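K.L.:
Predicted model and sequence follow; I will ask about them next.
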Amino acid sequence: MAAASDPATAGPGAGRYVYGFARAGEVQGIAEEGVGDPAAAVDVVSHEGICALVSDVAPGPVQADRSNLDAHSRVLQAAFQQFPVLPVRFGVVFPGEVELRSVLEQHGEELERLLGDLGDQSEVRLTVYYDEEAVLQEIVTEDRQIASLSEKTRAVSGDAGYFERIRLGELVAQAMGRKRAEDEARILARLRPLAAAVESQAELPEAVVLRASFLVEAGKLDEFGAAVDELSQRLEGRARVKVVGPLPPYSFADVRLPVPEGA
């Protein structure tokens with residue numbers, strides 16, 4: 001079990017980098033090294049039943065480089081595999097434990113409520129990418145106007161087909177937008193009933209059908225995974241599915257706590 005941190009044992013002038021919050025009685029040892037160079041061991045700062053997972057860092061902003069981002073993620077993932085955790089966004093540093101303990105004291109009930117709300121739920125991230133050539137072929141096959149205009153533009157060159165090419169591009173973009181909306185709706189209709197909550201990204205590149213995070217109970221992870229496999233097989237040849245998770249509930253842990261200026 002990770003030892004509760006003592007202000008006297010923190011490094012001289014060290015800031016306290018916060019990874020997330022958990023119930024103090026559930027926290028076990030976390031072997032992963034924390035952010036910073038050199039990396040520091042992860043310990044806890046506790047107040048009554050709530051604790052913060054922390055490590056020492058130099059005061060000031062933490063560099064958002066690959067090493068630190070990976071360390072932040074590894075610590076949270078290691079914690080999440082052992083006990084429920086509320087993840088905190090990357091880069092939150094408190095100047096000392098006095099300030100951090102004050103937050104735990106003032107917001108302990110809110111943190112306890114959030115931990116109870118999330119329970120044993122995980123975040124699963126899903127991204128669906130079109131095979132653009134395959135989908136464009138679908139569009140040409142299904143739409144006579146696009147097929148005819150496509151043939152016409154191929155038969156002419158240079159300025160002769162300028163306006164036809166513009167019109168063809170507009171029609172293809174509209175058809176692609178309709179397909180994306182239809183495919184997104186079908187995917188969400190299949191997966192939404194298996195999730196407690198869903199967060200979808202609205203602005204997406206043209207080739208991306210869906211990018212969403214699903215909050216899934218532990219007891220439904222296998223069923224959710226089977227549904228994703230089924231969708232992947234159904235979309236084979238025209239789209240590919242990328243799944244990341246289960247993860248700590250980054251998108252659903254709405255931890256709104258006061259942090260120091262510049263954190």
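P.N.:
Yep, that arrived. Residues are numbered from 1 along each chain as shown.
K.L.:
continuing past the helix or strand of the chain with the lowest mean pLDDT, what's the next helix or strand?
P.N.:
Lowest by mean pLDDT, DSSP states H and E among the helices and strands of the chain is helix 144-155, with a mean of 76. Sequence-wise, the next helix or strand downstream of helix 144-155 (DSSP states H and E) is helix 162-191.
K.L.:
so where's the stretch 1-150 of the chain uncertain?
P.N.:
The stretch 1-150 of the chain contains residues with pLDDT under 70 at 1-13.
K.L.:
My guess is T141 contacts A147. True?
P.N.:
Yes. In this structure, T141 is within contact of A147 by CB atoms under 8 Å, at 7.2 Å. For the C-beta atoms, the positions are set from N, CA and C on the backbone; glycine is no exception.
K.L.:
Of those two, give the one with the bigger neighbour count.
P.N.:
Ranked by neighbour count (other CB atoms under 10 Å), T141 and A147 place A147 first, with 13 against 10.
K.L.:
so what's the more buried one closest to, chain neighbours aside?
P.N.:
V140 (5.1 Å; CB to CB, 6 or more residues apart in numbering).
K.L.:
ok, back up a step: alpha carbons of the least confident helix or strand of the chain, as CSV, please.
P.N.:
Output of helix 144-155 as CSV, limited to C-alpha atoms (Å, rounded to 0.1, in the frame of the first residue of the first chain):
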residue,chain,number,x,y,z
ARG,A,144,-26.7,7.8,-61.0
GLN,A,145,-26.1,11.5,-61.1
ILE,A,146,-22.6,11.2,-59.6
ALA,A,147,-21.8,8.2,-61.8
SER,A,148,-22.8,10.1,-64.9
LEU,A,149,-20.9,13.3,-63.9
SER,A,150,-17.9,11.2,-63.0
GLU,A,151,-17.9,9.7,-66.5
LYS,A,152,-18.3,13.1,-68.1
THR,A,153,-15.4,14.7,-66.2
ARG,A,154,-13.1,11.8,-67.1
ALA,A,155,-13.9,12.3,-70.8
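K.L.:
which other helices and strands contact it?
P.N.:
Under the contact criterion of 3 or more CB pairs under 8 Å, 6 or more residues apart in numbering; DSSP states H and E, helix 144-155 touches helix 132-142, helix 162-191.
K.L.:
Let me have the ones you listed in a markdown table, extended by distance to F252.
P.N.:
A markdown table is the format used below for these (distance: least, CB to CB, whole Å):
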| stretch | distance to F252 |
| --- | --- |
| helix 132-142 | 31 |
| helix 162-191 | 15 |
